[in-house]
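K.L.:
would you be able to build a 3D model of this:
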Amino acid sequence: MARYTGPKSKIARKFREPIFGPDKALDKKNYGPGQHGPNKRRGKQSEYAIQLAEKQKAKYTYGILEKQFSNLFKTASRKKGITGEVLLQMCETRLDNIVYRLGISPSRSGARQLVGHRHITVNGKIVNIPSYQVLDTDVIGVREKSKSLEAITSSLAANPLTFDWLEWNGSQMTGRMINVPERTQIPENIKEQLIVELYSK
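P.N.:
Modelled structure (predicted):
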């Protein structure tokens, strides 16, 4: 399963945002990495560099590699609606992200691992593809044998559902998407229009 396995704190410091979750290194050093520290003279970024950085931030945030992200954009551009918003909606409705948003895992990387290790079901059947696009008719659940896993139970206890476009049944450990999230319901600090402009060049 292809995924980013490089240094996370370095990337978070580059964007000055905890895109992989809470990060002590970012709290201590809220400036870009490099041997010259915060005093390094950083020249004015070009328009292309700003657009590229926004795309990279989105990729790292959702844990999607370049080719996969490019294919997502192509699909989004063919759909009705504002391309940038549709792209973010497709990222949000990936199975690994839904598992994360439901609170089954405290991080997207952890959610991806749960999916890959066959702990998650869709409509009662095991699905181990993190990029699976969830529909509003799909019921996402935890496999019966996995319901007692400490990683899952502790995450659910510590991360109660706070998204009004999702619903969760704690007794059955199942959830579903009520509707595709609108842009205002997606909390990620991503300027999707810059990504559209980059791919439109």
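K.L.:
list the contacts for the residue nearest to the spatial centre of the chain?
P.N.:
In the chain, the C-alpha nearest the mean C-alpha coordinate belongs to residue 62, at 2.9 Å (Cα atoms, centre = their mean). Neighbouring residues of residue 62 by Cβ atoms under 8 Å, 6 or more residues apart in numbering: 91, 94, 97, 108. (Each C-beta comes from the backbone N, C-alpha and C, glycine too.)
K.L.:
among the residues you listed, show me the least confident.
P.N.:
Among the contacts of residue 62, residue 108 carries the lowest pLDDT, at 93.
K.L.:
which residue ranges make up each domain of the chain?
P.N.:
For the chain, the structural domains run 8-90+189-199, 94-179, going by automatic domain parsing.
K.L.:
hey, least reliable of those domains by pLDDT?
P.N.:
domain 8-90+189-199 (a mean of 81).
K.L.:
need phi/psi at residue 164.
P.N.:
For residue 164, the backbone dihedrals (degrees, to the nearest 10) come out as phi -80, psi 0.
K.L.:
measure it to residue 178 for me?
P.N.:
8 Å (Cβ to Cβ, to the nearest Å).
K.L.:
wait, residue 117 sits on residue 130?
P.N.:
No. When contacts are counted by Cβ atoms under 8 Å, residue 117 is not listed as touching residue 130 (10.9 Å).
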